[in-house]
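>>> no sequence on hand, only this structure:
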């Protein structure tokens, strides 16, 4: 019994990390249609912010989260203003531009902070392990899980129940008509991009105590995030949470039954099969044609 | 747009032709090369200063350069200065081969010190064998190689495991869990380890490999928890090792009952993961920074003075350092007119040097080194505590996992 619980918890922990990384990407893609290949670098920058605040100012991880969100969101805002907004409706160019930005971010960090691997200290109160139904799990992993769900709930609330969310949904359905009703689409896009970047920064900060921090760390996450978004359906927040849950549990279970190498291959194969038969993803908002 | 592309192709083709023309030496004979001209001996230094493994290779470059500077400061070799030609192969095996060719053919280096990963060593090997040059390789590696053009100064499996594995079995128990990165080095180390464990009556309860660069170990840790091994034999490398240790610590597992035993976790990796995550785990290596010897005190002091007070020395930077001295001693035995790579190799056979780790010797048969294995336990300050040192130096046996093969001076022999 405790073994099943601990395996479920492992899967949930994997899911929560996937959700954190994919959420920002899903929002940006869902609303603006920009395929942001620099997303992994926002994650990386969040992790480096956490490292910087810790080593330079002695801040713990938890109080650092708000300044990290603000810093990476502001960077996202600047990038949207300087680069992305000139490229809307040119999907191939945005892919190239964001990929280039990602490469630049990696090299800038390498030049400023050095290529060494770094680490971020886990918050003291969460560095213990706790007992749940007979299974032991890291308190920090549970915290990340709770945080990811909280962040999702907040995003969901903003999207469904606020006026800015209503505007976003209107733009997603039809930008021209939304604009003709007086919705400032440019502003909505900018805020969305900034919010998505900020969430990626938070993701980076939160995973930094569990993983190593290096300039190239983002590359792997952007692949995982795309997998989640593609499986979940690109315009569905709900799809993102379900698909990260699914992929996390699947990876965890397969890795337990065989090993991580095989799990990775099988999960990718499963994703290929899913998008072969449901190219629109598992969940898609119903739209009138 | 079209025009641009055409011009680009034209330029690229021209550049290609130019590069090819830049290496006319490909056809020249080695015998005619004069290696010790005008009181200088040129050597190549081939460690990545950019790219993924630059983090560690930079420290190997620094140790090599420091040894060369020290030798030149006291008059060089028989009055001749050693001149290092530094190249940056950018962590890419193909670039390694290209730069090695340049050092050997165009710079006419008499030997080259370099490389860290097995992939890069395999990439440069044909260059040194074909051009009859000499390569000094400082890294511990998986063995199973018998080149006559490489001097191997790092440990091979038997030198890291012969003392380590029985000690761990006796101290912790007979249920072993093997976790490694998915490539040749961990598999070969595990092959030898399994052989040792079998002779000790211990069992391997799992042997598992994760992809290179893997950073999510929660499923693996779950298995540690349910299998409860006595020892976790880890050959995980690179940034994965940081993730594994930090997640092990976060999961609340206890190194006192389920320690990780590693062959690759040096002071350098510990600095990247933090002492708290590394504390309590074990590493076997010929050298630790805290080793007490006058030579090591001098080495650490000089290294920090030259490169910065926060720098660490580790078991690969130590061999990068002493192999330059072995080279120097061998060259010193030769007359200036006789200096060439193969003469240096012959002079190196049986050569000894008082290294920071202790006295080392080049084994004449297989060109690997006799080394002093040690077992260290990591402490929370990021340094190791040496728990056991072998009384004698240990012979290198690159084919320890393959008893029917032996590396001899004539080449690989089937027994």
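Arrived safely. Worth saying up front: this structure is predicted, and the values here are computed from it rather than measured.
>>> is any residue of the lengthiest helix in chain A near chain B?
In chain A, assigned by DSSP state H, the helix with the most residues is helix A:2-32. Yes. Helix A:2-32 is in contact with chain B by CB under 8 Å from any CB of the partner chain, via A:3, A:6-7, A:10, A:13-14, A:17. The way it works is simple: take the backbone N, C-alpha and C, and place the C-beta from them, glycine included.
>>> show me what counts as buried in that helix.
Neighbour-count burial for helix A:2-32 flags A:6-32 (criterion: 16 or more other CB atoms under 10 Å in any protein chain shown).
>>> which bits of the stretch 101-250 of chain A sit near chain B?
Contact residues (CB under 8 Å from any CB) of the stretch 101-250 of chain A with chain B: A:115-119, A:121-122, A:127-129, A:136-138, A:140-141, A:209-212, A:214, A:216-217, A:220.
>>> hmm, back to that, could you dump the residues of helix A:2-32 next to chain B into JSON lines and include pLDDT?
Conversion of these to JSON lines gives the following (pLDDT from 0 to 100):
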{"residue": "A:3", "pLDDT": "79"}
{"residue": "A:6", "pLDDT": "86"}
{"residue": "A:7", "pLDDT": "88"}
{"residue": "A:10", "pLDDT": "91"}
{"residue": "A:13", "pLDDT": "93"}
{"residue": "A:14", "pLDDT": "93"}
{"residue": "A:17", "pLDDT": "94"}
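>>> just those residues now: which is nearest chain B?
Taking CB to the nearest CB as the measure, chain B sits nearest to residue A:10 out of these, at 4.5 Å.
>>> pretty sure that closest one sits against residue B:219.
Yes. Assessed by CB atoms under 8 Å, residue A:10 is found in contact with residue B:219 at 5.8 Å.
>>> which SS class is the residue of chain B found nearest chain A?
Chain A sits closest to residue B:252 of chain B, with a gap of 2.9 Å, by CB to the nearest CB. Classification of residue B:252 by DSSP: H, G, I helix; E, B strand; the rest coil places it in coil.
>>> that one against residue A:129, yeah?
Yes. Using CB under 8 Å, residue B:252 and residue A:129 qualify as a contacting pair, with a distance of 2.9 Å.
>>> neighbour count: these two, which is higher?
Between residue B:252 and residue A:129, counting by other CB atoms under 10 Å in any protein chain shown, residue A:129 is the more crowded of the two (19 against 16).
>>> distance of that one from residue B:247?
11 Å (CB to CB, to the nearest Å).
>>> joint contacts of those two?
Common contact partners of residue A:129 and residue B:247 (CB atoms under 8 Å, 6 or more residues apart in numbering or on different chains): residue A:138.
>>> please identify the buried residues of stretch B:35-55?
Judged by neighbour count using 16+ other CB under 10 Å, the buried positions of stretch B:35-55 are B:35-36, B:41-48, B:50-55.
>>> same question but for stretch B:316-336, I mixed them up
By neighbour count, with 16+ other CB under 10 Å as the criterion, the buried positions of stretch B:316-336 are B:316-331, B:334, B:336.
>>> now it: mean pLDDT?
Per-residue pLDDT over stretch B:316-336 has a mean of 95.
>>> gap between that stretch and the chain center?
Its chain's C-alpha centre and that of stretch B:316-336 lie 16 Å apart, by CA atoms, centre = their mean, to the nearest Å.
>>> which residues of the stretch 201-350 of chain B fall in helices?
When secondary structure is read from DSSP state H, counting those that start in this stretch, the stretch 201-350 of chain B shows helices at B:218-227, B:239-250, B:267-273, B:275-278, B:294-307, B:315-332, B:341-348.
>>> okay if I get the ones you listed as TSV plus distance to chain A?
Converted to TSV, the helices of the stretch 201-350 of chain B look like this (distance: least, CB to the nearest CB, whole Å):
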stretch	distance to chain A
helix B:218-227	3
helix B:239-250	4
helix B:267-273	4
helix B:275-278	7
helix B:294-307	14
helix B:315-332	15
helix B:341-348	33
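>>> of all the ones you listed, which lies closest to residue B:141?
helix B:315-332 (10.3 Å; CB to CB).
>>> which strands and helices sit next to that closest one?
With contacts taken as 3 or more CB pairs under 8 Å, 6 or more residues apart in numbering or on different chains; DSSP states H and E, helix B:315-332 sits against helix B:54-73, strand B:111-114, strand B:135-137, helix B:294-307, helix B:341-348, strand B:352-355, strand B:358-362.
>>> for the residue nearest the centre of chain B, which three-state class applies?
Centrality entry for chain B: nearest residue to the mean C-alpha point is residue B:139, 0.7 Å, by CA atoms, centre = their mean. Applying three-state DSSP to residue B:139 yields a three-state assignment of coil.
>>> ok, it - contacts?
Residue B:139 touches B:115-118, B:121, B:154, B:316, B:319, counting by CB under 8 Å, 6+ apart.
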